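Q: only geometry, no sequence info:
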């Protein structure tokens, strides 16, 4: 299936949907209705028009049913239920970011995770989001250390360990002061 920028898509077997805003090789960046940016391989995407027509065709015999064809939220980045202070969760586990990562070495994986973190952090700054939780896991602590180094490069950002009850030891939460000067 051919995709182009502007196509409305959803991700197979996931609760993600949005509009394609860029295509690089076989990876699409989609923006959800909530403004989140996510990357997915093209072979995991379905055009919304195609999906809707398939659903409507398959259940057209069912009278008076409301059909919801779009997913509610995405798992990679979740807005908080508290509308006044949105909370984004960015899961940096490589298996969540790239389905075909096994051919990558540790340096390439770490670089991709850090680029994703920086991109999502800058997105939060642009969208004036005040609270972001980066889920990095425990491991050897290399990603966590590199994330802390990244966060220190930005003025107006403070960070601490995220809620142990919710995330265990493998997450860092950051707070963005919206009136601060940025790098």
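A: Good, I have the coordinates. Remember, it's a predicted structure, so these values are computed and weren't measured experimentally.
Q: Neighbours of the closest residue to residue 17 other than its chain neighbours, how many?
A: Sequence neighbours aside, residue 10 is the residue nearest to residue 17 in space, at 3.9 Å (criterion: C-beta to C-beta, 6 or more residues apart in numbering). No exception for glycine: its C-beta is placed from N, CA and C like everyone else's. Neighbour count of residue 10, defined by other C-beta atoms under 10 Å: 22.
Q: and residue 10, that's in a strand?
A: Yes. The assignment for residue 10 is a strand, going by DSSP: H, G, I helix; E, B strand; the rest coil.
Q: and it, bridged to which residues?
A: Beta-bridge pairing for residue 10 (DSSP bridges): residue 17, residue 46.
Q: pLDDT score for it?
A: At residue 10, the model reports a pLDDT of 78.
Q: The host helix or strand of residue 30 - contacts with which helices or strands?
A: Applying DSSP states H and E as the criterion places residue 30 in strand 27-31. Packing contacts for strand 27-31, counted by 3 or more C-beta pairs under 8 Å, 6 or more residues apart in numbering; DSSP states H and E, involve strand 17-24, strand 37-41.
Q: Residue 127 - how many residues pack around it?
A: For residue 127, the tally of surrounding residues (other C-beta under 10 Å) stands at 13.
Q: Now it: phi and psi?
A: phi -90, psi 0 (degrees, to the nearest 10).
Q: on that earlier part again, confidence-wise, which of the helices and strands packed on strand 27-31 is weakest overall?
A: Across those, the lowest-scoring stretch is strand 37-41, with a mean of 83.
Q: Which residues does that one contact?
A: 11, 16, 18, 21, 26-32, 74, 76-77, 97, 99-100, 116, 119-120, 123 (C-beta atoms under 8 Å, 6 or more residues apart in numbering).
Q: tell me the angle of that strand relative to strand 27-31?
A: 150 degrees (axes from the mean of the first three to the mean of the last three C-alpha atoms, to 10 degrees).
Q: Please parse this protein into its domains.
A: As assigned by automatic domain parsing, the chain contains the domains 1-74, 87-176.
Q: residues in contact with residue 99?
A: Residue 99 neighbours (C-beta under 8 Å, 6+ apart): 41, 44.
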